[in-house]
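Colleague: Sequence below, structure please.
(2 chains)
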Amino acid sequence: MRSRWPILVLLCVLASLLVPGIASAHAAEGAETRVGAFDFAEQVHVGGSAALTLELRPGCEPTYDHLASDSLLVPKGGRTVLGKFPDYINLADDLGAKRFNIPSNVWARMTKAEQWIANRTFLDRMISRGDNIILSNPVMDISGVTGAFRQELDYLVEQGFRLSSDGTRMVR
Amino acid sequence: MSAPQDVAAAVARIPWDFETRGDVSFHALLIASGYADEHGGVDVSMIEDALRAHPEFVGDWLEYSEAKRSSAGWFIRKAASGGWEVGYVAEGAFEEVSVYQDELEACAVFVKKEIDAVMASVR
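Modeller: This next block holds a predicted model:
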């Protein structure tokens, strides 16, 4: 049987050219090198401990590992949970939904500004996927929310989202 | 070398400095507090005393906990049954959860757990 490796390598290269995240990550290297570093650190989990990208692209992990979740291979209309720590972690696990997290040793070494850049990158990817956005901590009035959760909600409002009537989701 | 009480006072204000400065990491502030040299001499009661002297920092620690975006770590939050929960969560599983009626005591316990965890995780 002839080897399939050349075909697999070609497919990996073609996928690299097709996936928008690669182009944007490369373009950002000059101006926002640290964003690229956060991309590498970021992990998107789906209902447990397995990294999404490792599940989606067997054989291509080293090439795609830093792409996180904005692959064309990720199904549209998934679910992402936002909220306060640790509530959002638990609800995401219960629902089998995505959540944003960074290894704690990396998180502790990031400045406030760096943490927000990483978080915003995750939010942008969530938006581009068209995920349903679930809030682990229901919100009836965004003005009453503080801290990082408030920053996330404000950013989503800027992107055209609003609270659902029951305060458990952000919708367009 | 700073006295343990001075280190505890510097530790108590870390989330405030982290939030207002924006250009320095929690770990860097912890190192700057002197805790790396004095961690054995700084206990929960010392941190609690520092927080009682500046209770305005308690809210900053609560926000710091809520703002974490890591899969594992210590947390403090208001308990559904009243009081304050301090515990550890890893991949969705809760460990070592304790409930305190006094917010300052709960916060001091959380602070000690958190700073020890940060020191251990970034060595």
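Colleague: What pLDDT does the model give residue 95?
Modeller: No chain specified, so I'll use chain A. In this prediction, residue A:95 carries a pLDDT score of 95.
Colleague: actually chain B
Modeller: Note on residue B:95: pLDDT of 93.
Colleague: What of the one 4 residues further on?
Modeller: The predicted local distance difference test score for residue B:99 is 97.
Colleague: For stretch B:54-68, the averaged confidence score.
Modeller: Here the average pLDDT along stretch B:54-68 is 97.
Colleague: Over to stretch A:132-141?
Modeller: The average pLDDT within stretch A:132-141 is 97.
Colleague: In three-state terms, label residue A:165 for me.
Modeller: The three-state assignment at residue A:165 reads coil, by DSSP: H, G, I helix; E, B strand; the rest coil.
Colleague: any low-confidence regions in the chain?
Modeller: Chain wasn't specified; assuming chain A. Chain A contains residues with pLDDT under 70 at A:1-76.
Colleague: hmm, I had chain B in mind actually
Modeller: Those would be B:1, B:123, if you go by pLDDT under 70 across chain B.
Colleague: ok, the most centrally placed residue in it - contacts?
Modeller: Closest residue to the average C-alpha location of chain B: residue B:111 at 2.0 Å, with CA atoms, centre = their mean. The contact partners of residue B:111, by CB atoms under 8 Å, 6 or more residues apart in numbering or on different chains, come to B:11, B:12, B:47, B:51, B:61. Quick note: C-beta positions are derived from backbone N, CA and C, even for glycine.
Colleague: Quick check: the fourth one touching residue B:14?
Modeller: No - taking contacts as CB atoms under 8 Å, residue B:51 lies outside contact range of residue B:14: 11.7 Å.
Colleague: and chain B, which residues reach chain A?
Modeller: Selection of chain B residues close to chain A by CB under 8 Å from any CB of the partner chain yields B:18-19, B:21-28, B:63, B:65-73, B:75, B:77, B:89, B:91-92, B:94, B:117-118, B:121-122.
Colleague: Go through those residues and flag which are in helices.
Modeller: Counting by DSSP state H, those place B:18, B:19, B:21, B:26, B:27, B:28, B:63, B:65, B:66, B:117, B:118, B:121 in helices.
Colleague: Run a quick neighbour tally on the third one.
Modeller: Other residues near residue B:21 come to 13 when the count uses other CB atoms under 10 Å in any protein chain shown.
Colleague: which residues of chain A fall in helices?
Modeller: So, for chain A - with DSSP H - the helices run A:5-18, A:20-31, A:33-41, A:52-56, A:61-64, A:87-95, A:104-107, A:112-129, A:147-158.
Colleague: May I ask which of the contacts of residue B:111 has the most neighbours?
Modeller: residue B:12 leads the contacts of residue B:111 on contacts (other CB under 10 Å) with 28 neighbours.
Colleague: hang on, that residue packs against residue B:57?
Modeller: Yes - applying CB under 8 Å, one finds residue B:12 in contact with residue B:57, separated by 5.1 Å.
Colleague: hey, what's in contact with both of these two?
Modeller: Applying CB under 8 Å, 6+ apart, one finds that residue B:12 and residue B:57 are jointly contacted by residue B:51.
Colleague: returning to what we had before: tell me which helix or strand the residue nearest to the centre of chain B sits in.
Modeller: Using DSSP states H and E, residue B:111 sits in helix B:103-121.
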